[in-house]
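Engineer: Let me see the structure of the following:
(2 chains)
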Amino acid sequence: GAGVSQSPSNKVTEKGKDVELRCDPISGHTALYWYRQRLGQGLEFLIYFQGNSAPDKSGLPSDRFSAERTGESVSTLTIQRTQQEDSAVYLCASSLDRTNEQYFGPGTRLTVT
Amino acid sequence: SQQGEEDPQALSIQEGENATMNCSYKTSINNLQWYRQNSGRGLVHLILIRSNEREKHSGRLRVTLDTSKKSSSLLITASRAADTASYFCATRGGGNKLTFGTGTQLKVEL
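Structural biologist: Prediction:
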């Protein structure tokens, strides 16, 4: 079946602009995660959804970052007033529930100029 | 903050040789997972080992877990050029998130 998809695959934006990143998880997966990966580094956890609720937002780096999930499906990560340090690959993952292995999307490469 | 630290940071071997990567972590865990990442994009889940397991096999992969030392190792036997990738360990504690290590870059040369 279809895996996790993310869009856009690449996004170049000017400093100060807002961006929206989209994640379509595997159908039926109740858990959804967002991670950030800076060049040459490991993954940083951002936020976790169980259904449409986000019980763990502890990784969001600032109030410029927000995310929502609707219909226990699609999730959107929004970054307001982007800064150059926001440049990274943003990865989304989903799993059947929080105890299972996670399936990752291909990521969105965000470049803030 | 990073929970796991992989060792070595980079590894270069010849095709056919075995590759061993190690992961150390700091807090108690429910399970530990290994992932592979090609070209800095999506990760692929390789294997999950639970805290009450000591060793697990999957194809050419062998994972060990020593909870007393808070460490795990991933062994790839008879490596192939296609195994060239970055490998990450990730730990799940009592919470909801996976905490990833810094990764080992493996290069398998022909």
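
Engineer: In chain B, where is pLDDT below threshold?
Structural biologist: B:1-4, B:40, B:95-96 (pLDDT under 70).

Engineer: count of neighbours near B:A90?
Structural biologist: 27 (other Cβ atoms under 10 Å in any protein chain shown). Using the backbone N, CA and C atoms, a C-beta is placed for each residue, glycine as well.

Engineer: show me what contacts A:T30?
Structural biologist: A:Q50, A:G51, A:E72, A:S95, A:L96, A:D97 (Cβ atoms under 8 Å, 6 or more residues apart in numbering or on different chains).

Engineer: What about it? Give its phi and psi, please.
Structural biologist: Note on A:T30: its backbone torsions stand at phi -80, psi -20 [degrees, to the nearest 10].

Engineer: Kindly provide the distance from it to B:L48.
Structural biologist: 18 Å (Cβ to Cβ, to the nearest Å).

Engineer: and what of A:N52?
Structural biologist: 26 Å.

Engineer: more neighbours, those two?
Structural biologist: Remark: of A:N52 and B:L48, B:L48 carries more neighbours, 18 against 14, as counted by other Cβ under 10 Å.

Engineer: Check which helix or strand residue 11 maps to.
Structural biologist: With no chain named, the answer covers chain A. Using DSSP states H and E, A:K11 sits in strand A:10-13.

Engineer: That was the other one, I meant chain B.
Structural biologist: strand B:10-14.

Engineer: can you give me phi and psi for the closest residue to A:I79 other than its chain neighbours?
Structural biologist: In space, and not counting its chain neighbours, A:I79 is closest to A:V19: 5.1 Å by Cβ to Cβ, 6 or more residues apart in numbering or on different chains. Dihedral pair for A:V19: phi -130, psi 150, per degrees, to the nearest 10.

Engineer: could you measure A:V19 against chain B, distance?
Structural biologist: 18 Å (Cβ to the nearest Cβ, to the nearest Å).

Engineer: Hmm, A:Q83 and that residue touching each other?
Structural biologist: No - between A:V19 and A:Q83 there is no contact under Cβ atoms under 8 Å: 11.3 Å.

Engineer: of all the residues in chain A, which ones are close to chain B?
Structural biologist: A:4, A:31, A:33, A:35, A:37, A:39, A:41-45, A:48, A:50, A:55-56, A:58-59, A:89, A:91, A:93, A:98-99, A:101-107 (Cβ under 8 Å from any Cβ of the partner chain).
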